[in-house]
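# task: produce atomic coordinates for the following.
(one chain, ligands or ions: 1)
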Amino acid sequence: MPKRAKLVVGNWKMHGRLAENATLLQAVAQGTGELPADVRVGVCVPCPYLAQTQSLLEGSRVMWGVQDVSAFTHGAYTGEVAASMVTDFGSTLAIVGHSERRAYHRESAELVAVKTQRVLEAGLTPIVCVGETLEEREADLTEQVVGAQLDEVLVKLSEQEAARIVVAYEPVWAIGTGKSASAQQAQAVHAFLRSRLAAKGAAVADVPLLYGGSVKPENAEELFGQMDIDGGLIGGASLKAQDFLAICKAAGAISVSG
Ligand code: 13P
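Numbering: from 1, shown residues only. Below is the predicted model of the structure:
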């Protein structure tokens, strides 16, 4: 039986407009009211909608945040958003190192580590994403790749800082493809990541480890039932209130207190 509390976070990516966000956020705020107390839920939205998100989620149990932050604290960096700025809107979460940013914006492992530091300094919880491509999996490089991605972040953090992060394992081949990793495949990588975290110190061993990549209402409970899978980072299904709430409910069904 899993022993850690569950965390389910929606990553809206570059989706949403004011009117549809309002409907979605209201439904999520309302629908999560019934979940067991130890299931935590969050949404990471595009920055322009942070104020709207704050006004609609304040007072609910749903946390919110962003999908990226600048590696700099402030200054002449046109187009960038600093971690401290997102705290002005009540955010508590920030995704860093999503594979889409690593691939399309050439973010290096080192840059991801610096961004993680900025997020922690601002008092937010970083959700650090790691994951292998299909080619890397087929070449049997999964552990090497995700281990190196995680280590690059851990080496820059103290044990106390590392204990404040969340890690999301998102195999690139499972993102947006409809083809999730099997629960066994995901658990195997999570167990490996857990051992890497534990090597950093006792306080880091229980860092939440989320799985992301084609999580749906149909596969959520099996995935979340694995020993080292503490919840999910949800893309496409987080845009539909009914699906997102069903995934949160699946987390509740196997939560510690549920
Ligand atoms: P999908 O759930 O759409 O596969 O996306 C996963 C993801 O990238 C979440 O960050």
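# the stretch 1-150 of the chain: helices as residue ranges?
18-31, 50-57, 83-87, 99-104, 109-121, 134-138, 142-154 (DSSP state H, counting those that start in this stretch).
# can you tell me which of those helices comes nearest to the ligand?
Among the helices of the stretch 1-150 of the chain, helix 99-104 comes nearest to the ligand, with 7.0 Å by CB to the nearest ligand atom. In this view, the C-beta of every residue, glycine as well, is placed from N, C-alpha and C.
# residues of the closest one that come out buried?
Residues of helix 99-104 classed as buried by neighbour count (16 or more other CB atoms under 10 Å): Ser99, Glu100, Arg101, Arg102.
# pLDDT score for the residue lying closest to the last one once chain neighbours are set aside?
Across the structure, with CB to CB, 6 or more residues apart in numbering as the measure, the residue nearest Arg102 apart from its sequence neighbours is Val112 (7.3 Å). At Val112, the model reports a pLDDT of 98.
# what sits against Val112?
For Val112, the contact set (CB atoms under 8 Å, 6 or more residues apart in numbering) comprises Val96, Gly97, Arg102, Val128, Gln149, Glu152, Val153.
# could I have the buried ones of these as PyMOL selection syntax?
To isolate the buried members of these in PyMOL, using 16+ other CB under 10 Å:
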select buried, resi 96+97+102+128+149+152+153
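# which of the contacts of Val112 sit farthest apart?
Arg102 and Val153 (12.6 Å; CB to CB).
# which ones are touching the residue of the chain found nearest the ligand?
In the chain, the residue that lies nearest the ligand is Gly235 (2.2 Å; CB to the nearest ligand atom). Shown in contact with Gly235 (CB under 8 Å, 6+ apart): Asn11, Lys13, Ile175, Gly176, Gly212.
# the second one touches Arg101, doesn't it?
It refers to Lys13. No - between Lys13 and Arg101 there is no contact under CB atoms under 8 Å: 10.7 Å.
# what is the longest helix seen in the chain packed up against?
In the chain, with assignment by DSSP state H, the single longest helix is helix 183-200. Applying 3 or more CB pairs under 8 Å, 6 or more residues apart in numbering; DSSP states H and E, we find helix 183-200 packed against helix 142-154, helix 159-162, strand 166-169, strand 209-212, helix 217-224.
# report all helices and strands that the third one contacts.
Under the contact criterion of 3+ CB pairs under 8 Å, 6+ apart, the helices and strands touching strand 166-169 comprise strand 125-130, helix 183-200, strand 209-212.
# could you check the angle helix 18-31 makes with the helix or strand where Leu245 lies?
Leu245 is located in helix 241-253, with elements delineated by DSSP states H and E. Orientation check (axes from the mean of the first three to the mean of the last three CA atoms, to 10 degrees): helix 241-253 against helix 18-31 gives 30 degrees.
# need the pLDDT of the residue of the chain positioned farthest from its centre.
Distance from the C-alpha centroid of the chain, by CA atoms, centre = their mean, peaks at Ala76 (28.7 Å). Looking at Ala76, its pLDDT stands at 98.
# quick one, phi psi at it?
Here is the backbone geometry of Ala76 (degrees, to the nearest 10): phi -80, psi 80.
# roughly how far does it sit from Ser180?
Per CB to CB, to the nearest Å, Ala76 is found 42 Å from Ser180.
# ok, Glu121 next?
Glu121 is 34 Å from Ser180, by CB to CB.
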